[in-house]
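[1] need coordinates for the below:
(one chain, ligands or ions: 1)
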Amino acid sequence: MKKRFYSALPLLLLAWALASAFHPSIYEPRVPKDSLEREQENENPFPASRERIQLGREIYFGKGLCVTCHGKDGKGIKIPGHSPRDFTDKKWQEARTDGELMWVLRNGSPGTSMPVRVGKVISEEEGWSTIHFIRTFPGK
Ligand code: HEC
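    Down below sits the predicted model:
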């Protein structure tokens with residue numbers, strides 16, 4: 001029994017290494033390298049007014065279903081595989097432009113359970129509004 005475990009060890013190590021490789025640091029961009037610059041410059045066309053943030057809140061807790069994974073406090077619930085993003089993380093907030101977040105809302109985050117939202121369950125305008133709301137989590 002013991003012997004079998006040791007012979008399987010290299011395989012276990014390999015599996016662990018592969019799993020880590022597919023879980024890039026949360027500060028690494030999710031947008032593919034070849035379009036990163038363009039997406040980073042895609043600015044939020046709506047000003048972050050109180051009404052806009054309120055609209056984003058309604059989408060987050062309502063038809064966007066964001067709350068089911070990202071939680072009421074924006075910290076993310078525990079689910080198998082890749083954890084949902086913790087929106088209260090200031091360092092992560094600073095690492096991302098609104099344009100990058102819009103890319104994730106349009107494409108999901110491949111290899112994770114973050115699903116496509118914009119164009120499927122919410123409109124582009126609702127997506128930009130929700131991004132304004134997500135920006136309010138740090139400091140809450
Ligand atoms: C089924 C679960 C699930 C739902 C529903 C969900 N998310 Fe996510 N979300 C995730 C996971 C898991 C990640 C982490 C993906 C990663 O690390 O690449 C994530 C990551 C993100 C990110 C971070 C992307 C980045 O560049 O770091 C944003 C922004 C986001 N979600 C917004 C939303 C919004 C807005 C909604 C609702 C409209 C939503 N999510 C709904 C699971 C979910």
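
[2] use CA for all of it now, contacts and neighbours both
    Fine.

[3] quick one: least confident helix or strand in this protein?
    Sorting the helices and strands of the chain by mean pLDDT, DSSP states H and E puts helix 2-21 at the bottom, at a mean of 69.

[4] next SSE after that one?
    Per DSSP states H and E, the first helix or strand lying C-terminal to helix 2-21 is helix 33-40.

[5] quick one: classify the residue nearest the centre of the chain as helix, strand or coil.
    With distances taken as C-alpha atoms, centre = their mean, R85 lies nearest the centre of the chain, 5.0 Å away. At R85 the chain is in coil, as set by DSSP: H, G, I helix; E, B strand; the rest coil.

[6] quick one, what contacts the residue nearest to it when sequence neighbours are not counted?
    Of all residues not flanking R85 in the chain, G76 sits nearest, at 6.0 Å (C-alpha to C-alpha, 6 or more residues apart in numbering). The contact partners of G76, by C-alpha atoms under 8 Å, 6 or more residues apart in numbering, come to C69, H70, S83, P84, R85, D86, F87.

[7] just give me the least confident of those residues.
    Lowest pLDDT among the contacts of G76: S83, with 93.

[8] next, that residue: phi, psi?
    Dihedral pair for S83: phi -70, psi 140, per degrees, to the nearest 10.

[9] that one contacts G71, doesn't it?
    No - contact criterion C-alpha atoms under 8 Å: S83 and G71 do not qualify, at 11.6 Å.

[10] ok, and what's touching stretch 26-34?
    The set of residues external to stretch 26-34 that reach it, using C-alpha under 8 Å, 6+ apart, is L36, E39, R85, K91, W92, A95, R96, E100, W103, V104, S109.

[11] with that, I have no additional questions.
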